[in-house]
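**Student:** no sequence for this one, just the structure:
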């Protein structure tokens, strides 16, 4: 999500949100917005993967993880076409939606994804969803 900043002349400009720090311009997360964001399996996969990482994750790594879990195959067995489809979906739909809700921070220029300021609000729901999905790898 882009942050709005004020110039010295009183005008405003857009700055790119960065995984280096959370945006304070994200509105509070409503239960409806949370459920809407979690309605997509790909979004749940993104959020689950980010929970296990301490640093921002590259978009390429997120795409590989989501594609592997969707197909229930190791990434070397997933077709390039499927990976491209996942990439387009994440870039144009899931990541912007999750970023607007404050569930992730996505830096499109650097292709980095990190947890957002509201990501912990999804944890209990993700625990249930992941427990029901045999394709998702969970730490033991």
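**Tutor:** Received, thanks. None of these values were measured; they are calculated from a predicted model.

**Student:** got the residue ranges for the strands in this protein?
**Tutor:** 3-6, 12-15, 57-58, 104-107, 112-115 (DSSP state E).

**Student:** weakest of those strands by average pLDDT?
**Tutor:** Of all the strands of the chain, the minimum mean pLDDT falls on strand 12-15 (a mean of 34).

**Student:** List the contacts of the residue nearest to residue 72 when sequence neighbours are not counted.
**Tutor:** Excluding its sequence neighbours, the residue lying closest to residue 72 (C-beta to C-beta, 6 or more residues apart in numbering) is residue 135, at 4.3 Å. Yep, even glycine has a C-beta here, placed from its N, CA and C like the rest. Shown in contact with residue 135 (C-beta atoms under 8 Å, 6 or more residues apart in numbering): 69-72.

**Student:** Kindly report the same for residue 93.
**Tutor:** Contacts of residue 93 by C-beta under 8 Å, 6+ apart are residue 40.

**Student:** Same check on the one 3 residues further on?
**Tutor:** Applying C-beta under 8 Å, 6+ apart, we find residue 96 in contact with residue 106.
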